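Q: just to be clear, the model below is a prediction. Sequence and coordinates:
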Amino acid sequence: MSRKIKTLAQLEQEKKKVKMQMEVSKRAFIHSFGTTQSQAKGFFMKKVAIPAGAVGLATMGANKLFSNTVSTPKNFTSNNNTLFKKIIPLVLPFIQSFLAEPERLKMLPPFVRNIIAPDVAVKKARRIEKV
């Protein structure tokens, strides 16, 4: 665009050139972004994740090797329940809110409805007392 534009036709021609240049640069940017993203993943895996895992494993091995060989007797009880016991308090509120939706609440037996949404039963009881 170093030359002066004198006619409308020249302006339209320069406008088309600029649009094409913008499209080319946009596509180049998108391509370079994809390339950068894939290279970043490879770099992270090769330079960060694998060495960190190796250091962790080496540390665990060294701790196991140099730890006291005379340790307390092993408790041979099952530890399968511990994860379940830890998850239940976290999951119950979500289950309760899921079942408290009106269309699902109608499908449940009355005693379960009172457990999930006790405020509804209390409001009904208070209405009956007022009458």
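A: Noted; the coordinates are in hand.
Q: switch to C-alpha atoms for all contacts and neighbour counts from now on
A: Fine.
Q: beyond the longest helix seen in the chain, next helix or strand please.
A: Secondary structure assigned by DSSP state H gives helix 8-43 as the longest helix of the chain. With elements assigned by DSSP states H and E, the helix or strand that comes after helix 8-43 is helix 50-66.
Q: next helix or strand past that next one?
A: Immediately after helix 50-66, counting by DSSP H and E, sits helix 80-99.
Q: could you identify the helix or strand that succeeds that following helix?
A: Counting by DSSP H and E, what follows helix 80-99 is helix 102-105.
Q: could you pull up the mean pLDDT of that following helix?
A: The pLDDT scores in helix 102-105 average 72.
Q: buried set for it?
A: Neighbour counts using 16 or more other Cα atoms under 10 Å place Leu105 of helix 102-105 among the buried residues.
Q: with just CA atoms, put that helix into PDB.
A: Extracted C-alpha coordinates of helix 102-105, given in PDB (Å, rounded to 0.1, in the frame of the first residue of the first chain):
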ATOM      1  CA  PRO A 102     -40.700 -32.300  42.400                       C
ATOM      2  CA  GLU A 103     -41.100 -34.800  39.600                       C
ATOM      3  CA  ARG A 104     -38.800 -37.300  41.300                       C
ATOM      4  CA  LEU A 105     -40.100 -36.600  44.800                       C
END
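Q: mind checking how far the strand or helix carrying Asn114 is from the chain centre?
A: Using DSSP H and E, Asn114 sits in helix 110-116. Averaging C-alpha positions (Cα atoms, centre = their mean, to the nearest Å) puts helix 110-116 33 Å from its chain's average.
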